[in-house]
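Enquirer: build me a model from this:
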Amino acid sequence: MSLRKALIPLLIILATAISALVTVVVATGGLEYNIVTVIVPTEIHGSFQTIVSPLNVSSISLLSEANTYVLTQGQPRIGYLFSRNPPVMAWIEPSAYSGSYDIWYGGDNPYSQYLGAPGTPNSIWLAFDDFDYSTGFWTNQSITISGSRATIEPGGYLALNYSYSGKTEHLWLIHGRKAYILTFPNATDSFVYVTLTSQNFTDITNVIDGSDVYFLDQTGACLYYSIIYFDKTNLILNVAVNPANNTAVYLLYGGTNTCSSYRVS
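Expert: Here you go, the predicted model:
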C-alpha cells in the first residue's frame with residue numbers, strides 16, 4: 001500500500017530563514033520508493049548476497065530498467081529491475097547484513113553507473129558462491145562441498161535454484177511512499193520559496209495537515225525546510241526548502257514525517 005505524502009504552505013517565515021524568494025520550480029509527480037527490510041541469519045552475515053524483492057508499485061508505468069535504483073544508508077547498490085510486471089528488483093549486497101534498503105523509481109536515476117544490466121561490467125546475471133557450506137540456492141546431484149569447493153561426481157550436476165531456501169528470510173514492503181519532484185533550474189544552497197496549488201500539484205488533497213510534509217534529495221537525505229502556510233480548504237501550500245545545491249528535490253507527504261527535525265520554524 002502506497003502512502004502518499006505532500007507539502008503545506010507556510011504563513012510566516014523570518015527573513016533570516018529565507019535568502020531567496022523566487023518561484024522557479026517546475027513540479028512533476030510520480031516518484032515513489034519502497035522500503036525493504038531484510039533479515040539475514042547470523043551465519044551468513046558479511047557474505048556476498050544477491051537479494052531479490054517484489055515491489056509495491058502504484059502503477060507499473062512508473063517503472064523502467066533505467067530509472068529504478070537501490071540505496072542503503074545513502075549508498076547505492078548494483079541492481080537491476082528483474083521484472084516489470086510483476087515488479088521485482090534484484091540487487092547485490094557485498095557484505096550481507098540485517099537492515100533496510102530504499103528502492104526508488106519513477107524519476108531520474110542519479111546512479112546509472114550502478115545499473116546491473118545484462119552484458120555490462122555490472123551485470124548481476126552471474127552467480128557466486130564460496131561454498132563454505134550448502135546455502136540451498138543450488139539444485140544439485142552427486143556433489144560434495146568442502147574446502148571452499150564444490151566437487152561434482154560423475155553423473156552429477158550443479159544448477160541455480162529459482163527460489164531461496166529458508167537460509168535467508170526477507171520481510172518485504174514495509175511501505176511504499178509517493179513523492180512530488182520539485183526541479184530548480186539553478187541549484188542553490190539557500191532557501192527557495194515555493195507556492196503549490198491544485199493547479200500545479202494535483203495530489204495536494206492528500207496532504208494531511210502540513211506536519212506530514214518533508215523534503216529529501218535524490219540520495220534520500222533529509223533537507224532543511226519550512227512550512228509557511230497551508231490552507232486545506234482552498235488547497236494552497238506555501239513552503240520554503242533549501243535544495244542544498246540539488247537541481248531536483250523530493251517532497252513527501254501523506255504519512256509519517258521522518259525528517260521533522262529538519263523543519264525550520
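Enquirer: quick check: the closest residue to residue 241 other than its chain neighbours vs residue 259, distance?
Expert: Counting by CB to CB, 6 or more residues apart in numbering, residue 241 lies nearest to residue 225, which is 4.3 Å off, once chain neighbours are set aside. Quick note: C-beta positions are derived from backbone N, CA and C, even for glycine. Distance of residue 225 to residue 259, computed by CB to CB, to the nearest Å: 8 Å.
Enquirer: what do you get for residue 72?
Expert: Distance from residue 72 to residue 259, by CB to CB: 18 Å.
Enquirer: what mean pLDDT does stretch 141-148 have?
Expert: Averaging pLDDT along stretch 141-148 gives 75.
Enquirer: so how far is it from its chain's centroid?
Expert: Stretch 141-148 sits 38 Å away from the centroid of its parent chain (CA atoms, centre = their mean, to the nearest Å).
Enquirer: list the residues that contact the residue nearest to residue 241.
Expert: Shown in contact with residue 225 (CB atoms under 8 Å, 6 or more residues apart in numbering): 213-215, 239-242, 259, 262-264.
Enquirer: ditto for residue 232
Expert: Listed by CB under 8 Å, 6+ apart, the contact set of residue 232 reads 207, 209.
Enquirer: returning to that earlier point: sort out which of the contacts of residue 225 are in strands and list them.
Expert: Those of the contacts of residue 225 mapping onto strands are 214-215, 239-241, per DSSP state E.
Enquirer: of those, which is the most crowded?
Expert: Greatest neighbour count in the ones in strands among the contacts of residue 225, by other CB atoms under 10 Å, goes to residue 239: 28 neighbours.
Enquirer: surely it touches residue 201?
Expert: No. With contact defined as CB atoms under 8 Å, residue 239 does not reach residue 201; the gap is 10.6 Å.
Enquirer: which element, helix or strand, includes residue 180?
Expert: If you go by DSSP states H and E, residue 180 is part of strand 169-183.
Enquirer: tell me the pLDDT at residue 136?
Expert: At residue 136, the pLDDT value in this model is 68.
Enquirer: does the closest residue to residue 117 other than its chain neighbours lie in a helix or a strand, and which?
Expert: Nearest in space to residue 117, with sequence neighbours left out and distances taken as CB to CB, 6+ apart, is residue 80 at 5.9 Å. Counting by DSSP H and E, the element that carries residue 80 is strand 79-83.
Enquirer: I'd like the next helix or strand past that strand.
Expert: Heading C-terminal from strand 79-83 (DSSP H and E), you reach strand 88-93.
Enquirer: packing partners for the helix or strand that that next one is followed by?
Expert: Using DSSP H and E, the helix or strand that follows strand 88-93 in sequence is strand 99-105. When contacts are defined as 3 or more CB pairs under 8 Å, 6 or more residues apart in numbering; DSSP states H and E, strand 99-105 packs onto strand 26-39, strand 49-54, strand 69-72.
Enquirer: ok, now how distant is the residue nearest to residue 60 when sequence neighbours are not counted from residue 118?
Expert: Of all residues not flanking residue 60 in the chain, residue 85 sits nearest, at 5.2 Å (CB to CB, 6+ apart). Separation of residue 85 from residue 118 (CB to CB) stands at 18 Å.
Enquirer: before we move on, what about residue 159?
Expert: From residue 159 to residue 118 the distance is 19 Å (CB to CB).
Enquirer: then residue 260?
Expert: 42 Å.
Enquirer: mean confidence (pLDDT) on the strand holding residue 180, please.
Expert: Rounded mean pLDDT across strand 169-183 is 54.
Enquirer: same question for stretch 208-216.
Expert: 92.
Enquirer: quick one: which of residue 85 and residue 118 has more around it?
Expert: Taking other CB under 10 Å, residue 85 and residue 118 do not tie; residue 118 has more neighbours (11 against 8).
Enquirer: just confirm the more buried one is within a helix.
Expert: No. Assessed with DSSP: H, G, I helix; E, B strand; the rest coil, residue 118 is coil; it does not lie in a helix.
Enquirer: run through the protein and note the low-pLDDT ranges.
Expert: Applying pLDDT under 70 to the chain flags residues 1-30, 125-130, 135-137, 147-148, 154, 160-178.
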